[in-house]
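Peer 1: Provided below for reference: sequence and predicted model.
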Amino acid sequence: MEEAWPASFSPPYGGDPIEPFLDPKADHSGYTLMPSPYASHLFSRLTGILYFRRANTNGEGYVVQHCSASIIHSISQNLILTAAHCVHEPIHHVWNDMFMFVPGFDGKQAPLEKWPIQSTYIPGQDAQESPETDIAVARVYPLPSGKTLEAEVGPGTAFFPHVSTNENEAFSMVKDVGYPSVSRFGEDPVYENAEQRQCNSGTAPGKENPKTLLLLNCTPQAGNSGGPIVRLFNPPFEVVGVFVKTNPLAGQARLLPQTFVPIYKAADSTPK
């Protein structure tokens, strides 16, 4: 876990957000640390780091990497949401393996247990090639006692999926949460990969693809891939998208009927 590199899908990007940062205490990437201990705060306990093993692109050996992920409400109570490129290798079209989801991880402790992945679902083998489809749902194994993921983090506290039936839907305020690894590409400081950070932002339809969700006030970060984009509204809080691209103009993945709903249903119906 200490040696895990961030999973980066896009070419490094070092620019500024489209609009100014909203938090006056934010760093030069627009992010602030989530308050600790993470297990004591709703957004932090529902967001976790996702470790996995990926084959090297030359076909020789493996590397250990990490993404971000979040807990979403389901009948099985064992589902997490992340990015397709975090579970499926885009060069050779093979699945990553040795997945471990650790909610609320602070670099030292796993206050809400460690959860190996039972099964993963993406919209198609080329899903990671477009931010519109770069989305994945995974089902974790319950604890040996049979306790589910949602029961461990607190009944009724998972993020509720918000499916955008209007593909151009925008949200006045969202929170981007995850485990970024650099503050800006090629610049210091480098973030600790087990530190949760947040950025509040307005949204708009993507400029390159209006079906995606544009974060207006955040500089995208490697390592945040798979992290939730949560609508800041009255609870229960809704996850409206997934962080997938480090280029801010490319947009992030929305939860759409054609991309999210089929894999969500498939993951939730997986036999225990």
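Peer 2: Thanks, I have the structure now. Numbers count the residues shown, from 1 in each chain.

Peer 1: only C-alpha atoms for contact and neighbour calcs from this point on.
Peer 2: Noted.

Peer 1: Shouldn't Arg54 be within a strand?
Peer 2: Yes. Assessed by DSSP: H, G, I helix; E, B strand; the rest coil, Arg54 belongs to a strand.

Peer 1: is it in a bridge, and if so with what?
Peer 2: Val63 (DSSP bridges).

Peer 1: Quick one: residues contacting it.
Peer 2: Counting by C-alpha atoms under 8 Å, 6 or more residues apart in numbering, Arg54 makes contact with 62-65, 89, 95-97.

Peer 1: Can you say which of these are buried?
Peer 2: 64-65, 89, 95-96 (16 or more other C-alpha atoms under 10 Å).

Peer 1: what's the closest of those to Gln198?
Peer 2: Nearest to Gln198, judged by C-alpha to C-alpha, of the buried ones among the contacts of Arg54 is Gln65 at 20.7 Å.

Peer 1: these two touch, right, that closest one and Asn56?
Peer 2: No. In this structure Gln65 lies outside contact range of Asn56 using C-alpha atoms under 8 Å: 11.0 Å.

Peer 1: if we can go back for a sec, ok, the buried ones among the contacts of Arg54 vs Tyr264, which is closest?
Peer 2: Trp95 (18.1 Å).

Peer 1: need the contact list for that closest one.
Peer 2: 54, 87-89.

Peer 1: Among these, which lie within helices?
Peer 2: Among the contacts of Trp95, no residue falls in helices (DSSP state H).

Peer 1: Let's have those in JSON lines, adding distance to Glu19 and pLDDT.
Peer 2: Below are the contacts of Trp95 laid out as JSON lines (distance: C-alpha to C-alpha, whole Å; pLDDT from 0 to 100):
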{"residue": "Arg54", "distance to Glu19": "35", "pLDDT": "85"}
{"residue": "Val87", "distance to Glu19": "31", "pLDDT": "94"}
{"residue": "His88", "distance to Glu19": "32", "pLDDT": "90"}
{"residue": "Glu89", "distance to Glu19": "33", "pLDDT": "79"}
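
Peer 1: Can you name the residues bridging to Gly241?
Peer 2: Going by DSSP bridges, Gly241 forms beta bridges with Ile229, Arg254.

Peer 1: check contacts around the nearest residue to Pro210 once chain neighbours are set aside.
Peer 2: Using C-alpha to C-alpha, 6 or more residues apart in numbering and skipping residues adjacent in sequence, the residue nearest Pro210 is Asn168, 5.9 Å away. Neighbouring residues of Asn168 by C-alpha under 8 Å, 6+ apart: 204-205, 210-212.
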